[in-house]
Structures are given as structure tokens and as C-alpha cells.
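Asks: Build me a model from this:
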Amino acid sequence: MPVPHYTKPYWRCDPHELDNVRTTPDLPTECEIAIIGSGMTGIATAYHILKQAEHPPKIVILEARELCSGATGRNGGHIKVKVPTLVEMDPNLDSAAVDEFQEYVHSVIEAMKQVIEEEQLDCEFELRRSFDIQTDEAESQRLKKHFDESRKAGRSWVKSVDFIDHRTVQQITSMKNATSAFSVPAASLWPYKFVTQLLARLLARHPSHLNVQTRTPVLSATPSTSSPTSSTSSHTLRTPRGTLTCSNLIFATNAYTPGLLPSFTNIITPYKGMASHLIPRSPIHPHLTHTYNIDHGPSKGVNYLNPRPDGSIVVGGAKWTYSSTDPWDGDFDDGKRFSASAEAYWDAYMQRNFLGWEGSGARVGSVWVGIMARTKDGWPWVGRVPGREGAYMVVGFNGGGMPVIWKAGECVAGMV
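Replies: This next block holds a predicted model:
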């Protein structure tokens, strides 16, 4: 279960007025649809249900802690699909799914841009490019070879992707030690502001149909014999504040899913990651306009980096600094930070790695941890809960939920 006290991420530095919202003083005893989780998944799914339904149903959203205090409030804040991911999907150049997945991610970006504009959300959304950077020559050659073969095979994903070779990669990306890079479409935003502001719009528009209860952890969610609205499936949710019965249940619980669905133990595994917020003495010019995924080689791994509009940097990863010394795999406690030696990795990170930042005085503003969910095949669980009538799930994002969730929530909303 989510722990009550957690490390504070940069994204939650300015809590929304609804951060601790309880729409009603008491927990309702029944509803048509209950959603467990108030991150991107829970709010996106609620948005789509209310948008699609001819007659809006009664929905209750339950959150164990404060709004958007889980993975959505702790991530990198950018939306993209990485070239190495596309390469892994189509190793033999025989799968059209690779093009479909890239199109899917691009449709997520377009759909989120549309709702941000329609709902007038102030969440620092930007359409951008992103660099997938290699620092190992052999990896550069491997990816470039597959990129060329994909182009010759007629794959459409290469049309919006550009390769940058060793001759100009450091000048173009400002990344020291880069051996090559791919430039890909991306978007970035402030995830917490997106979620909380969209929820505020929904509550204002549907005051009699949407109820949100924070600091209300669900301790168990079991099938029950009768429904408050029909003779079909129903579920009983037990919380410290009482019991809620619903006709349809949506798990937006990501890494915490096995805590409520024991059949998913060892199928969805929680694991802990680390991120930081770096602040220069004053904004650096020219501004870094791209987001980044930086592959530091097979013995280390990938960092992600998101330059913010104010000139600061959100950067995470550095798994190699804690993977052999600190508990992380199977760990669901985002209240325990990694060791001081692991966190020290972020000291002077920009000065060490980026051209033009040597005299920036960039310092660490904050470091936090977050809990992600790993699945057996690297893909999320989206749809009906196996063997459970009237129960649905959008969970298991393997550290990459932002490019998937918005449309996955729309899909499940349609099922419900």
C-alpha cells in the first residue's frame, strides 16, 4: 500500500487548493463507478467517462494520500517514444506494430494538447523535440544500422526521426561525450498541474456526479453479492473511513495493484527510481529546448532530462548509483530516499555533462524517489480484470506511463 509519508517531488512544490479535497465530509456508501487512484490514470479515465456518457454516472475517486502524489507527481514530465524502444519492438523488421505504437504515442500528444487548450489548463505544456543520446560507439552503430534498414523496409516511424552522427552531435545537443543522437517528436508538461486543474474543471462541471475522497486508502476491494443500482456485478471497497459499494470498479493503482489484487503478485512488480530538480544560478542562454534520454552505456543505463521553462532542469535515472547498494526492486516505499552517495550523483550534473553549463553554478534543489511498476512483457495491463466481472484496470507502465495513459483511459472508459 502507499506509505503515508513520502519524499516531496519538485512537481508538488505548489499544492493545488484541491490537494486534500474531500467533496463530501463523509465517504459515500455507494456509487456506480469507483476509481482507485488520483494520478493521470484515474483522472483521465474519469474525464473520458463523463465526456462519453449520455447520462453521467455517479463516480467516486479514492486516493490513499493527497491528489496526484504517486508516480504521476514524480515522473520526468515528458511524452515520447524512444528510438531504442522502437528498435526492440521490431528486431527483424517484420512487425507493423512498431509504426502503430509510434502513431499511438503521437495521438496521445495531440489529444492532450487538445484538452489542455479546450480546458485552458496552465501546466507548461510544450510541443518539442527530444534527443535520444548514445555515449557508446557500438550502440550508435547498432541503432543507426537498424534505422537505415527500417527506412529501406518502408517503416513509417523513421519519417519523423532524424539521426545525428558523431561529427556534430555534441554541438547540436550540447551533450559532452555523445557519440550520436536521434531527434524525435515529444511534448512536456507539469503533470501535477495538468491532473489537479483538470479535476477542478470536472468537479465544477459535474458537482452532483463526481466525488473525490483523498486520504482514504482502500484496504481491500472484493466482489460483493448485491449492487446498489442493479442485480449485476458489484464490489465492496473497505477503507479506514467506512465501506463503499460500487457497480463498476477501475484500478488506477499501477505499482500498488498487487496490494489489492493478490493474483497480480509477481506479475506486476513495484520498483523504486530517483529524480532531481537542478537550479542554475541564473537561466542559461541559449535555453535547452529539447528533452533528453541519455544512454550512458550498458553498464549504467539511461537518464531522462526535461529542461523547464524557467531554466531549471528535472533529471532522473542514475540507477547504477544505487542498484547494488540500496533496496529498490520490489520496493513500494517512496518515503525512503536512497543513500547519500547515490544522491550525490546529481551534484554538478549539468556542469559535468553539458557544454556551456560549466560556470552555471547549477545546484540540487531537491531529490525524490518514486515507485514504478514492471510487468512481465514490458507492456501495461489495460482492460478488464481477468476473472472479475465489472472490474477494469489501467496499470503497469514500466516507468513509461505518460505516452500511454491518456488514450488507454479513454479505451477503458468506453468499456465501462
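Asks: can we go C-alpha only for contacts and neighbour counts from here?
Replies: Will do.
Asks: Now Thr216. Nearest residue, chain neighbours left out?
Replies: Among residues not flanking Thr216 along the chain, Ala64 sits closest, at 4.7 Å (C-alpha to C-alpha, 6 or more residues apart in numbering).
Asks: quick one: the one you found from Asp165, how far?
Replies: 48 Å (C-alpha to C-alpha, to the nearest Å).
Asks: So the two - more neighbours on which side?
Replies: Neighbours of Ala64 and Asp165, each counted by other C-alpha atoms under 10 Å, are more numerous for Ala64; the result is 22 against 16.
Asks: For that one, what is the enclosing helix or strand?
Replies: Here Ala64 is covered by no helix or strand, with elements defined by DSSP states H and E.
Asks: now Val412
Replies: helix 405-415.
Asks: sec struct for Gln197, please.
Replies: Recorded secondary structure, Gln197: helix (DSSP: H, G, I helix; E, B strand; the rest coil).
Asks: pLDDT score assigned to the nearest residue to it once chain neighbours are set aside?
Replies: Distances taken as C-alpha to C-alpha, 6+ apart place Leu121 nearest to Gln197, at 6.3 Å, with adjacent residues excluded. Leu121 carries a pLDDT value of 98.
Asks: show me what contacts Leu121?
Replies: When the contact criterion is C-alpha atoms under 8 Å, 6 or more residues apart in numbering, the partners of Leu121 are 193-194, 197-198.
Asks: where does it fall, phi/psi-wise?
Replies: The phi/psi pair for Leu121 (degrees, to the nearest 10) reads phi -90, psi 130.
Asks: again, but for Ser140
Replies: The phi/psi pair for Ser140 (degrees, to the nearest 10) reads phi -60, psi -50.
Asks: In the chain, where's the longest helix?
Replies: Among the segments of the chain that qualify as a helix by DSSP state H, the longest is helix 97-119.
Asks: any idea of the angle that one forms with helix 405-415?
Replies: Using axes from the mean of the first three to the mean of the last three C-alpha atoms, to 10 degrees, the inter-axis angle of helix 97-119 relative to helix 405-415 is 90 degrees.
Asks: Next, the buried residues of the helix holding Val412.
Replies: With burial defined by 16 or more other C-alpha atoms under 10 Å, the residues of helix 405-415 counted as buried are 405-413.
Asks: Kindly report the same for stretch 7-23.
Replies: Residues 7-12, 18-23 are the ones in stretch 7-23 that count as buried (16+ other C-alpha under 10 Å).
Asks: Would you mind measuring from Glu411 to Val404?
Replies: Check again: residue 411 is Cys, not Glu. In this view, Cys411 and Val404 are 11 Å apart by C-alpha to C-alpha.
Asks: now do Leu219
Replies: Distance from Leu219 to Val404, by C-alpha to C-alpha: 27 Å.
Asks: more crowded one of the two?
Replies: More crowded of Leu219 and Val404, by other C-alpha under 10 Å: Val404, with 24 against 14.
Asks: is it true that the more buried one touches His106?
Replies: No - assessed by C-alpha atoms under 8 Å, Val404 is found out of contact with His106, at 9.9 Å.
Asks: Now do the same for Ser227: its pLDDT.
Replies: What the model reports for Ser227 is a pLDDT of 47.
Asks: can you pull out the helices in the stretch 201-350 of the chain?
Replies: Along the stretch 201-350 of the chain, the stretches classed as helices by DSSP state H, counting those that start in this stretch are 257-260, 340-343, 349-353.
Asks: Next SSE downstream of the longest one?
Replies: Helices and strands here follow DSSP H and E; after helix 349-353, the next one along the chain is strand 363-375.
Asks: strand partners of that next one, parallel vs antiparallel please.
Replies: Strand 363-375 has the following sheet partners, assigned by DSSP bridges: strand 268-279 (antiparallel).
Asks: now the partner strand: how far from the chain's centre is it?
Replies: 11 Å (C-alpha atoms, centre = their mean, to the nearest Å).
Asks: Same question for stretch 331-347.
Replies: Taking mean C-alpha positions (C-alpha atoms, centre = their mean), stretch 331-347 and its chain are 19 Å apart.
Asks: Pull the number of nearby residues for the residue found closest to Val412 once you drop the neighbours it is linked to in the chain.
Replies: Nearest non-adjacent residue to Val412, counting by C-alpha to C-alpha, 6+ apart: Gly383, 5.8 Å away. Applying other C-alpha under 10 Å, we find 20 residues neighbouring Gly383.
Asks: Hmm, Tyr392 and Gly383 touching each other?
Replies: Yes - Gly383 lies in contact with Tyr392 (C-alpha under 8 Å); the separation is 5.5 Å.
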